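**Student:** pasted the sequence and its predicted model underneath.
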Amino acid sequence: MKYDPQKPRVLVALGGRSTERQISIESGKNVALALEENGYPVAALDTGTGRFLQIPELESIEKDPDKLPAVVDLPLIDTKRHFSLVFIALHGRFGEDGGLQALLDDIKIPYTGSGPLSSALAMNKKYSKIIFKAKGIPTPEYQVLKSLSLPEIKFPLVVKPVDQGSSFGVAICENKADFEFAAKNAFKLSNEIIVEPYLGKKEITVAVIEKENGEPRAMPVIEIIPKENFFNFEAKYSDETKREVPAKIPEHQAKEAQDLAIKAHQALGCRHFSRVDMMIDKNGKIFVLELNTIPGLTSHSLLPLAAKAHGVDFATLVEHLIKIAIK
């Protein structure tokens with residue numbers, strides 16, 4: 001498709017060096033194709049290699065983060081020279097944690113999503129929970145462990161690395177043996193782990209997309225029903241995971257979940273968009289688990305699904321995010 005020279009030149013930052021590299025490539029490719037469809041001049045930057053790429057080249061780039069160069073120089077000067085805006089489609093460390101955002105702030109180029117501090121706070125579950133509690137946002141009780149010691153929280157419980165996304169390293173533990181196995185795996189991904197009680201019942205998520213005036217707007221609630229009773233990394237991108245949208249929950253509960261999503265978005269100082277994951281316990285109480293500042297944008301991802309339920313297709317969503325980022 002011929003691009004419109006009046007539209008801003010967009011660079012899609014994707015790939016990265018985290019365990020979520022493959023998902024980021026898919027998210028970034030979807031975004032780039034949507035921008036191309038809307039007539040934007042667009043290219044991609046693989047931040048894991050420092051290479052500029054055209055859309056067809058995205059099919060053949062290295063997906064394994066362990067096979068990337070040890071040291072990479074990001075072409076920030078060329079980014080500033082040739083592009084009007086960066087659309088960040090990176091997930092996990094080295095992209096969603098505020099580092100890239102700080103570099104882009106330094107060269108004064110606009111970008112989609114939250115700033116450095118909000119990104120760092122949301123990426124670290126320990127710090128985001130501290131803020132949620134301070135703001136009166138219900139979140140499960142938790143314990144932070146720095147070594148393999150038995151937690152005070154009773155079984156069943158959930159083990160999570162402090163700073164991973166896409167449910168990497170997350171496990172439900174029924175007993176001590178489960179916990180030791182899960183904790184060892186989680187410590188391979190992070191220096192600290194979070195332990196929470198397993199609340200069970202229903203897992204829901206609410207996307208927040210800001211209007212052009214910056215006012216946050218909650219999308220329809222989605223209920224996630226994984227085949228294996230747990231929304232881990234495999235379930236997140238599986239066709240067998242059921243996604244009910246809108247969630248089959250009472251209207252007052254859906255409204256409460258949407259209100260909590262907006263409160264969490266504002267509590268961490270987020271901007272443009274986010275997605276807030278929650279759990280409804282057996283008593284019907286809603287708990288905020290975590291906030292994602294750069295939700296997945298793949299064909300299986302929840303934010304595009306929520307936007308579609310609100311009447312916004314993917315290409316329109318991407319263009320909206322460009323418009324509010326460049327203001």
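**Tutor:** Received, thanks. Numbers count the residues shown, from 1 in each chain.

**Student:** low-confidence ranges in the stretch 101-250 of the chain?
**Tutor:** Within the stretch 101-250 of the chain, the segments meeting pLDDT under 70 span 166, 228-239.

**Student:** for the closest residue to residue 90 other than its chain neighbours, give its distance to residue 140.
**Tutor:** Of all residues not flanking residue 90 in the chain, residue 16 sits nearest, at 4.5 Å (Cβ to Cβ, 6 or more residues apart in numbering). (Each C-beta comes from the backbone N, C-alpha and C, glycine too.) From residue 16 across to residue 140, the span is 29 Å (Cβ to Cβ, to the nearest Å).

**Student:** report the secondary structure state of the residue nearest to residue 90.
**Tutor:** Recorded secondary structure, residue 16: coil (DSSP: H, G, I helix; E, B strand; the rest coil).

**Student:** tell me how far it lies from residue 248.
**Tutor:** From residue 16 to residue 248 the distance is 36 Å (Cβ to Cβ).

**Student:** the more surrounded of those two?
**Tutor:** When neighbours are counted by other Cβ atoms under 10 Å, residue 16 comes out ahead of the other of residue 16 and residue 248, with 28 against 11.

**Student:** hang on, isn't that one packed against residue 91?
**Tutor:** Yes. Using Cβ atoms under 8 Å, residue 16 is in contact with residue 91, at 7.2 Å.

**Student:** okay, and the common contacts of these two?
**Tutor:** Counting by Cβ atoms under 8 Å, 6 or more residues apart in numbering, the residues touching both residue 16 and residue 91 are residue 24.

**Student:** who are the contact partners of the residue nearest to residue 90?
**Tutor:** Applying Cβ under 8 Å, 6+ apart, the residues near residue 16 are 24, 47, 48, 65, 90, 91, 92, 93, 94, 95.

**Student:** now do it against residue 300, distance only.
**Tutor:** On the measure of Cβ to Cβ, residue 16 and residue 300 end up 19 Å apart.

**Student:** can you give me the strands in this structure?
**Tutor:** 10-14, 42-46, 51-53, 85-88, 143-145, 157-161, 171-173, 193-197, 202-210, 216-218, 222-225, 242-244, 273-280, 286-292 (DSSP state E).

**Student:** which one of the ones you listed lies closest to residue 326?
**Tutor:** Among the strands of the chain, the nearest to residue 326 by Cβ to Cβ is strand 85-88 (5.2 Å).

**Student:** who does that closest one touch, helix- and strand-wise?
**Tutor:** Judged by 3 or more Cβ pairs under 8 Å, 6 or more residues apart in numbering; DSSP states H and E, strand 85-88 is in contact with strand 10-14, helix 21-37, helix 99-106, helix 314-326.

**Student:** how about those in a markdown table, adding mean neighbour count and distance to residue 304?
**Tutor:** As requested, these are arranged in a markdown table below (neighbours: other Cβ atoms under 10 Å; distance: least, Cβ to Cβ, whole Å):
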| stretch | mean neighbour count | distance to residue 304 |
| --- | --- | --- |
| strand 10-14 | 27 | 15 |
| helix 21-37 | 23 | 8 |
| helix 99-106 | 18 | 22 |
| helix 314-326 | 19 | 5 |
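
**Student:** any idea which of those gets closest to residue 276?
**Tutor:** So among the helices and strands packed on strand 85-88, helix 314-326 is nearest, using Cβ to Cβ, at 17.3 Å.

**Student:** helices along the stretch 51-200 of the chain, start to end?
**Tutor:** Along the stretch 51-200 of the chain, the segments classed as helices by DSSP state H, counting those that start in this stretch run 76-82, 99-106, 116-123, 125-134, 176-187.
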